[in-house]
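# Any chance you could fold what I've pasted below:
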Amino acid sequence: MKNEMTLHIKSLSINEAFARSTVAAFCAQVNPTLEDIIDIKTAVSEAVTNSVVHAYPNTVGDIKINVVLKNDQVVITITDYGIGIFDTAKAREPFYTTKPDEERSGMGFTVMESFMDSVDVKNNSTRGVTIKMTKKLSLETKAMVAND
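Have a look, this model is predicted:
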């Protein structure tokens, strides 16, 4: 089975929780484990927060979240149209941050990579960044309940 959804949100910090909950609710239809749902919510949270904080430093912009479920795999693509990342390899290093004065840990990409099977980061050809995350889901089998 394949199913897909796309969500468009503004780069406002209040939308981060909405995005992670919406993606998790969409993924729930294939009955993943609770651990998988928590992993997905954490990774989406980090990716959206990166867009909110870094892509649009002095303005509000658009964030597009696309989720594809196919059998036991989820592919989550998060795209912003902001300023982009000057050096994606450097940005992926643990503890690297462009905003040390804001007490940022520099662990966003490291967290995403810890909770997903793969994370690809690329600057878009025009503006912004696309993060593509994939995860093989451990699907729960639905327990059969006998009616007595």
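# Can you find which helix in this protein contains the most residues?
Longest helix in the chain, counting residues (DSSP state H): helix 34-50.
# packing partners for the next helix or strand after that helix?
Later in the chain than helix 34-50, the nearest helix or strand by DSSP states H and E is strand 62-70. Other elements packing on strand 62-70 under the criterion 3 or more CB pairs under 8 Å, 6 or more residues apart in numbering; DSSP states H and E are strand 2-10, helix 14-27, helix 34-50, strand 73-80. Just so you know, the C-beta spots here come from the backbone N, C-alpha and C atoms, and that holds for glycine as well.
# As a markdown table, those with mean pLDDT, distance to V119 and mean neighbour count would be great.
Shown next, in a markdown table, are those (pLDDT from 0 to 100; distance: least, CB to CB, whole Å; neighbours: other CB atoms under 10 Å):
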| stretch | mean pLDDT | distance to V119 | mean neighbour count |
| --- | --- | --- | --- |
| strand 2-10 | 97 | 19 | 12 |
| helix 14-27 | 97 | 15 | 18 |
| helix 34-50 | 95 | 8 | 20 |
| strand 73-80 | 97 | 10 | 21 |
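# Save those as a markdown table, and put in distance to T130 too.
Output for those, formatted as a markdown table (distance: least, CB to CB, whole Å):
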| stretch | distance to T130 |
| --- | --- |
| strand 2-10 | 13 |
| helix 14-27 | 15 |
| helix 34-50 | 10 |
| strand 73-80 | 5 |
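# Nearest to F109, out of those?
helix 34-50 (7.7 Å; CB to CB).
# helices and strands around that closest one, which ones?
helix 14-27, strand 62-70, strand 73-80, helix 108-115, strand 129-136.
# Against L7, how distant is the spatially most central residue of the chain?
The C-alpha lying nearest the average C-alpha coordinate of the chain belongs to V44 (CA atoms, centre = their mean; 2.6 Å). Taking CB to CB, to the nearest Å as the criterion, V44 is separated from L7 by 10 Å.
# which residues are in contact with both of the two?
Contact criterion CB atoms under 8 Å, 6 or more residues apart in numbering; residues shared by V44 and L7: A19, V23, I65.
# What distance do you get for the residue lying closest to the last one once chain neighbours are set aside to N15?
Among residues not flanking I65 along the chain, L7 sits closest, at 4.4 Å (CB to CB, 6 or more residues apart in numbering). According to CB to CB, L7 and N15 sit 9 Å apart.
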